[in-house]
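1. Provided below for reference: sequence and predicted model.
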Amino acid sequence: MTRSILILGGTADARILAGKLADESGYRILLSMAGRTLSPVEQPVPMRSGGFGGATGLANFIRAEGFDILVDATHPYAARISANAIEAARLAEVPLVALSRPVWQRQPGDTWHSADTVEQAVTALGDESRRVFLALGRQELLPFEAAPQHSYLIRSVDPVEPPLKVPDARYITARGPFALDDEIRMLEENRIGTVVSKNSGGSASYGKIEAARRLGLPVIMIERPPQLDETSVSDAPVPDIAAALTAIRHQLSLLEKRGE
């Protein structure tokens, strides 16, 4: 019997996980993306783009398409999608495996200033003009228009359209992972004084954090949203792709034993 797996994506981890599952025979896999990235990279499995209409819509999709298991491999800051995944798995009565990368931990030499929201990060920059590197999604940049005194270097996967209404903003369109030496060079050449980042975890975008440490630059770190109630997740959230594969295989083996 061919088992069907629905993966909610939005991260490089989701793409890698889908590829590893595709290498194993016997699975029908669909990778669902939120559609926020204008030019997503090619995926190793069939893909859909767009929302489902909340938790109920997602549950209806799971039932209608006959998926056996739901995998949440969305971005750590996609709190609403993860909440919908938990509720949809409950409604559709399918196991849920949630992949949640551990947060970056402060290391000796790091100068981090914690912020709960993007708006708090804007305030933390202060009134005095700074040269700021923004490593955020393009949809989260608008609050920085309230601080036009700063000079911004902005990196995003897709072009920022329209550009920010500030006097000094430069844009880099690039997709990670980013090497440490390249990150150091970028910060030095642009005379960056402060880095603003989310605590996304993982290695793909950690280079800028290590580069800031090497250069003695402060980082305004936007913390993750409060943890969701994950009591209905079939296994405890897993920290990496290897653990996700193990959890998925475990849940599928349980389905086989129950004859479902």
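-> Happy to help now that I have it.

2. backbone phi and psi for Val195, please?
-> phi -110, psi 130 (degrees, to the nearest 10).

3. who does it form a beta bridge with?
-> Phe133, Val219 (DSSP bridges).

4. I'd say Ile248 and Ile7 touch.
-> No: in this structure, Ile248 is not within contact of Ile7 by C-beta atoms under 8 Å, at 9.5 Å. Heads up, the C-betas are built off the backbone N, CA and C, glycines and all.

5. what residues are shared contacts of those two?
-> Common neighbours of Ile248 and Ile7 (criterion: C-beta atoms under 8 Å, 6 or more residues apart in numbering): 21, 71.

6. which of the two has more neighbours?
-> Neighbour count, other C-beta atoms under 10 Å: between Ile248 and Ile7, Ile7 has more, with 29 against 26.

7. need phi/psi at that one.
-> phi -110, psi 120.

8. identify the residues contacting it.
-> Here Ile7 is in contact with 14, 17-18, 21, 29-32, 45, 71, 73 (C-beta under 8 Å, 6+ apart).

9. what segments of the protein are strands?
-> 3-8, 27-33, 47-49, 69-72, 96-98, 111-115, 131-135, 151-156, 169-173, 194-198, 218-222 (DSSP state E).

10. buried ones among the contacts of Ile7?
-> 14, 17-18, 21, 29-32, 45, 71, 73 (16 or more other C-beta atoms under 10 Å).

11. pick out the most distant pair among the contacts of Ile7.
-> Within these, Leu21 and Ser32 form the most distant pair, 14.1 Å apart (C-beta to C-beta).

12. what's the first-to-last distance across stretch 135-155?
-> End-to-end distance for stretch 135-155: 6 Å, by C-alpha to C-alpha, to the nearest Å.

13. burial check on Asp181, number of neighbours?
-> Neighbour tally, Asp181, other C-beta under 10 Å: 11.

14. distance of the residue most central in space within the chain relative to Ala34?
-> Centroid check for the chain by C-alpha atoms, centre = their mean gives His75 as the closest residue, at 2.3 Å. Distance, His75 to Ala34, using C-beta to C-beta, to the nearest Å: 9 Å.

15. same check, this time on Phe52
-> 10 Å.

16. equivalent analysis for Gly259, please.
-> Relative to Ala34, and taking C-beta to C-beta, Gly259 is found at 35 Å.

17. which of those two has more residues huddled nearby?
-> Legend: neighbour count by other C-beta under 10 Å for Gly259 and Ala34, higher for Ala34 (16 against 6).

18. can you tell me what sits against the top helix by length along the chain?
-> Secondary structure of the chain per DSSP state H: the longest helix is helix 241-258. Helix 241-258 is contacted by residues 3, 5, 13, 16-17, 20-21, 68-69, 71, 73, 95, 97, 99, 234-235, 238 when judged by C-beta under 8 Å, 6+ apart.

19. just the buried residues of the residues you listed.
-> Buried among these (16+ other C-beta under 10 Å): 3, 5, 13, 17, 21, 68-69, 71, 73, 95, 97, 99, 234-235, 238.

20. pick the one among these closest to Ser197.
-> Nearest to Ser197 among these, with distances taken as C-beta to C-beta, is Asp13, at 17.9 Å.

21. need the contact list for Val219.
-> 110-113, 194-197, 209, 212.

22. same check, this time on Ile62
-> 6, 70, 88-89, 92, 94.

23. tell me the buried residues in stretch 200-213?
-> Result for stretch 200-213 [16+ other C-beta under 10 Å]: buried residues 200-202, 205-213.

24. make TSV out of those and add distance to Leu187 and pLDDT.
-> Output for the buried residues of stretch 200-213, formatted as TSV (distance: C-beta to C-beta, whole Å; pLDDT from 0 to 100):
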residue	distance to Leu187	pLDDT
Ser200	18	90
Gly201	21	91
Gly202	20	86
Ser205	14	90
Tyr206	14	95
Gly207	10	96
Lys208	8	97
Ile209	11	98
Glu210	11	98
Ala211	6	98
Ala212	7	98
Arg213	11	98
